[in-house]
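1. Coordinates only, no sequence provided:
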């Protein structure tokens, strides 16, 4: 019989929003698996002593398919109630005509292709009525883009949203819930120092929104207040 305590896998949990989400689920008495890049100690490791055995830290370079396959093999036999992919990068606010090809490729691979590889590779581990979420952004909304800027980052999040829609359509009969999550404008490396929200202000809403959609099925683009974000 399966342990009644639920399990969340948070990909990209070493700092800021990913770390906050992992910590929030620990506070809610979940078992948490968090991934970090490389083997150096991170702020996630600092939670191990207080987690009373409920936290596992795994190493994953999300853009490396071999590392992703190895993680899947290490987690074989575990059932996830939540798979949440948080990792993303930005490379500054350049007009698209000034973006080098290598930069375009790096951001698209990290922000759009790799999260969907994670979803497709680890989907079999997610419970039949579990939740699969990725961290998106209102900047990925085409209809909300009325002032421009952040061309490459916006494009990568729009691509992520479209790929998640493809994934949802491919698994239309699947009972799992899929979420594109907008955390709000948060003071992180991505959001910058002028952002409206701290991580501590955003994360409880993010987790509450994830939990409010548990068992809903289908694909939802929502923000940290539980509101629908227009495509």
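-> Sure, I can see it. None of these values were measured; they are calculated from a predicted model. Numbering: from 1, shown residues only.

2. From here on, just use CA atoms for contacts and neighbour counts.
-> Fine.

3. Counting by contacts, list what the longest strand seen in the chain packs against.
-> In the chain, assigned by DSSP state E, the strand with the most residues is strand 126-135. Where contact means 3 or more CA pairs under 8 Å, 6 or more residues apart in numbering; DSSP states H and E, strand 126-135 is packed against strand 80-85, strand 177-182.

4. can you do 10 Å?
-> Packing contacts for strand 126-135, counted by 3 or more CA pairs under 10 Å, 6 or more residues apart in numbering; DSSP states H and E, involve strand 7-11, strand 80-85, helix 114-122, helix 151-170, strand 177-182, helix 199-212, strand 218-223.

5. Of all those, which one is nearest residue 26?
-> Nearest of these to residue 26, taken as CA to CA: strand 7-11 at 9.3 Å.

6. Which SSE is immediately downstream of that closest one?
-> helix 16-27 (DSSP states H and E).

7. and the angle from that following helix to strand 80-85?
-> 170 degrees (axes from the mean of the first three to the mean of the last three CA atoms, to 10 degrees).

8. Quick one: distance of helix 16-27 to the chain centre.
-> 12 Å (CA atoms, centre = their mean, to the nearest Å).

9. Now it: average pLDDT?
-> The pLDDT scores in helix 16-27 average 97.

10. Of all the residues in stretch 215-231, which ones are buried?
-> 216-226, 229 (16 or more other CA atoms under 10 Å).

11. Is it possible to get JSON lines of these that adds distance to residue 148 and pLDDT?
-> Below are the buried residues of stretch 215-231 laid out as JSON lines (distance: CA to CA, whole Å; pLDDT from 0 to 100):
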{"residue": "216", "distance to residue 148": "33", "pLDDT": "97"}
{"residue": "217", "distance to residue 148": "33", "pLDDT": "97"}
{"residue": "218", "distance to residue 148": "30", "pLDDT": "97"}
{"residue": "219", "distance to residue 148": "26", "pLDDT": "98"}
{"residue": "220", "distance to residue 148": "24", "pLDDT": "98"}
{"residue": "221", "distance to residue 148": "21", "pLDDT": "98"}
{"residue": "222", "distance to residue 148": "21", "pLDDT": "98"}
{"residue": "223", "distance to residue 148": "20", "pLDDT": "98"}
{"residue": "224", "distance to residue 148": "23", "pLDDT": "97"}
{"residue": "225", "distance to residue 148": "24", "pLDDT": "97"}
{"residue": "226", "distance to residue 148": "25", "pLDDT": "97"}
{"residue": "229", "distance to residue 148": "18", "pLDDT": "98"}
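
12. Next one: residue 73 relative to residue 108, how far apart?
-> 26 Å (CA to CA, to the nearest Å).

13. ok so, going back, just checking the distance from the longest strand of the chain to the centre of its chain.
-> That offset, for strand 126-135, works out to 11 Å (CA atoms, centre = their mean).
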